[in-house]
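1. no FASTA, just this:
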Ligand code: MRU
């Protein structure tokens with residue numbers, strides 16, 4: 001997508017060929033800064049400290065992390081160490097495991113001195129594939145938006161609510177939840193986005209709002225608790241969120257608070273869609289509440305908040321009493337029964353095992369061993 005009119009991805013090989021570059025998302029929206037990852041340690045840190053985040057981008061960064069690691073030590077022990085170091089960075093987004101498995105499968109049989117080049121090629125392929133997948137998810141979502149539009153008055157605005165950032169910053173480009181929005185906007189359909197601020201890290205307020213501003217998409221940032229109110233008043237036509245891991249039965253694990261949005265949408269008859277790239281399906285599990293590991297993050301993300309002062313200085317302040325405990329589960333699970341449809345690169349899937357397998361029949365046997 002574009003920043004100041006210039007096309008950008010979220011991750012790319014450095015022009016000197018010795019590193020990979022990323023947008024440091026911990027600095028947005030106040031500062032646009034590019035960070036350089038030169039080592040396995042840099043890549044693992046970028047994922048863990050959330051310089052990069054969002055399930056598809058975590059996977060893409062891990063793939064480049066394998067390249068950086070193979071330049072340092074391409075032995076069998078180096079391969080296995082790199083896999084483990086990157087795997088332990090964040091537990092919920094399954095794209096991480098998917099990308100690391102792809103790298104291990106490709107690199108394992110190769111001679112050590114061929115591994116770095118192969119890892120670099122694979123990382124590039126994973127990135128290009130992600131861009132294509134998201135564009136196709138956009139097409140599937142655009143069809144849904146057009147259908148909703150056909151039932152409204154001509155030129156009436158379509159109001160989409162989204163949670164967290166499942167935008168282009170969370171992927172290599174386009175985003176999953178935002179791809180349909182960008183395509184609709186570019187096609188001249190009047191869309192407006194309700195952007196949940198998404199406490200505690202505020203990915204909605206700081207990242208989704210920044211993206212939509214840059215692309216010129218009308219949007220309004222709201223507190224996380226406002227969505228139900230707007231749904232009750234007919235001011236939300238559809239919800240589109242992303243997912244960090246979706247089970248083969250269609251349970252969707254996404255940023256904490258997504259479940260409450262789905263409940264409110266269900267109560268108000270508002271369709272609830274999820275942008276789902278196939279690498280985000282965990283075909284080995286069925287029950288999301290039972291089987292998806294939920295990342296518990298530092299309590300200070302809850303007790304503190306970061307923002308910019310009038311003089312431009314970015315500061316972090318404490319917002320809770322010193323002695324109060326705080327808990328910080330980063331994701332929750334929305335059961336498939338609350339999901340209207342899964343927007344995949346192969347089209348719209350019913351949120352069920354049969355629905356997913358109808359579009360991905362080659363996965364029928366997966367997870368049976
Ligand atoms: O903790 P984050 O910022 O990595 O969480 C991101 C999300 O929850 C996204 O909605 C999800 O990864 C889908 S990204 C297309």
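-> Perfect, thanks for sending it. This structure is a prediction, so every number in the text was calculated from the model and none was measured.
2. pLDDT score for residue 5?
-> Residue 5 is assigned 84 on the pLDDT scale.
3. and it, how far from residue 138?
-> 21 Å (C-beta to C-beta, to the nearest Å). Every residue, glycine included, has its C-beta placed from N, CA and C.
4. try residue 177
-> Applying C-beta to C-beta, the value for residue 177 to residue 138 is 10 Å.
5. isn't residue 195 right up against residue 203?
-> No: between residue 195 and residue 203 there is no contact under C-beta atoms under 8 Å: 9.8 Å.
6. need the per-residue pLDDT for the most centrally placed residue in the chain.
-> With distances taken as C-alpha atoms, centre = their mean, residue 54 lies nearest the centre of the chain, 3.2 Å away. Per-residue confidence (pLDDT) for residue 54: 98.
7. need the longest helix for the protein.
-> Identified as the longest helix of the chain according to DSSP state H is helix 112-150.
8. ok, the residue lying closest to residue 329 once chain neighbours are set aside - contacts?
-> Take residue 329 and drop its neighbours on the chain: the residue closest to it by C-beta to C-beta, 6 or more residues apart in numbering is residue 294, 5.2 Å away. Residue 294 makes contacts with 91, 92, 253, 329, 330, 331, 332, 333, as judged by C-beta atoms under 8 Å, 6 or more residues apart in numbering.
9. what subset of the residues you listed is buried?
-> Neighbour-count burial (16 or more other C-beta atoms under 10 Å) is assigned, among the contacts of residue 294, to 91, 92, 253, 330, 331, 332, 333.
10. can you narrow those to ones near the ligand?
-> For the ligand, the contacts drawn from the buried ones among the contacts of residue 294 by C-beta under 6 Å from any ligand atom are residue 330.
11. who in the protein is up against the ligand?
-> Residues of the chain that fall close to the ligand, judged by C-beta under 6 Å from any ligand atom: 53-56, 93, 164, 166, 170-171, 175-176, 203, 242-244, 254-255, 330.
12. SS state for the residue nearest to residue 329?
-> Under the three-state scheme (DSSP: H, G, I helix; E, B strand; the rest coil), residue 294 adopts coil.
13. which one of the contacts of residue 294 is nearest to residue 281?
-> residue 253 (11.2 Å; C-beta to C-beta).
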